[in-house]
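Colleague: dropping the sequence and predicted coords here.
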Amino acid sequence: MCAADFFFSGGRKAPRCPFLGRMPGQSACHRQTLGRRTCRAGRTDPQGESLWQSPNFLYRPAGPRRRAGSNASEGIRHRKIKNAITKREVIKMNHIDVERLSATAEAAKNDPTSRFLPFSVNLTWEDGTRNRAVIRDFSPLTLAEPEAFGGENEGPNPVEYLLTGAIGCFSISLELILSQRGIKLNAYHATITGKVDMAAFFGYIDGERGVQGITLHASVDADAPQDEIQDAIHQAWSHSIVLNTLKPTIHVVSE
């Protein structure tokens, strides 16, 4: 459990990309001991198998175990054929495909054509303040306004979607970083708040019309020392695409 307060005001040098690190099975936080991997705390499962092969780490070696006797070589031959024609063996941590994540990071590093990833949203006005947004092949999203803004409260308003994007981008960045480091995430919850100066919005006074006082409160329960979780939080903040786009002073609190 991580418990600490952070205040990020920008200007901090971004650390090295956390997504170009080693695979979880090669992570420095896991070491090979007597043919079995043990975690940082030296734990193995009751059967003595690798923790990466236990249900908690969501990884299983492909194919059956080698069988003793005359049929052993035949079983290995069939397993190789099966692995060759099926999809690649997926190494996951917290249900995240860290191998593919690392491959994406490497492609962005080495292939200029993979450097820029385009995004797009299509929006259609329906009625009143109700609009429909379509993103890729997902179900349409409804954007609207509450009664106080002339709407009928038919869906979240754009400010709420903005905050959703901010908290979602930070949270997923943190989840990716923890998984890339081979850290098991047990539970996570976050809340984000902000406020708008309505007098400035309506033009009665000069002032900031954007969202102010954005505060993100995150609760992280992970199998890692507190200082390592804190470092992952700092990296998630500095690598979050949405937070870097908004560039506000953001108060991030974690526990």
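Modeller: That came in fine, so what should we check first?
Colleague: now the longest helix seen in the chain: buried residues?
Modeller: The longest helix of the chain (DSSP state H) is helix 158-180. Using 16 or more other CB atoms under 10 Å as the test for burial, helix 158-180 gives 162-163, 165-167, 169-171, 173-180. Backbone N, C-alpha and C define where each C-beta goes, glycine included.
Colleague: immediately after that helix, which helix or strand?
Modeller: Later in the chain than helix 158-180, the nearest helix or strand by DSSP states H and E is strand 185-195.
Colleague: same for that next one, what does it pack against?
Modeller: helix 158-180, strand 212-222 (3 or more CB pairs under 8 Å, 6 or more residues apart in numbering; DSSP states H and E).
Colleague: how about whatever helix or strand comes next after that strand as CSV, C-alpha atoms only?
Modeller: Using DSSP H and E, the helix or strand that follows strand 185-195 in sequence is helix 198-201. Taking C-alpha atoms only, helix 198-201 is exported to CSV below (Å, rounded to 0.1, in the frame of the first residue of the first chain):
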residue,chain,number,x,y,z
MET,A,198,-18.9,30.7,-14.1
ALA,A,199,-18.6,34.5,-13.8
ALA,A,200,-15.6,34.4,-16.2
PHE,A,201,-17.3,31.9,-18.4
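Colleague: who touches helix 198-201?
Modeller: I205, D206, G207, E208, R209 (CB atoms under 8 Å, 6 or more residues apart in numbering).
Colleague: check stretch 147-160 too.
Modeller: In contact with stretch 147-160 (CB under 8 Å, 6+ apart) are residues 128-130, 141-146, 164, 194, 196, 211.
Colleague: let's go with 7 Å and repeat that
Modeller: Applying CB atoms under 7 Å, 6 or more residues apart in numbering, the external contacts of stretch 147-160 come out as G128, T129, R130, T142, L143, A144, E145, P146, V196, V211.
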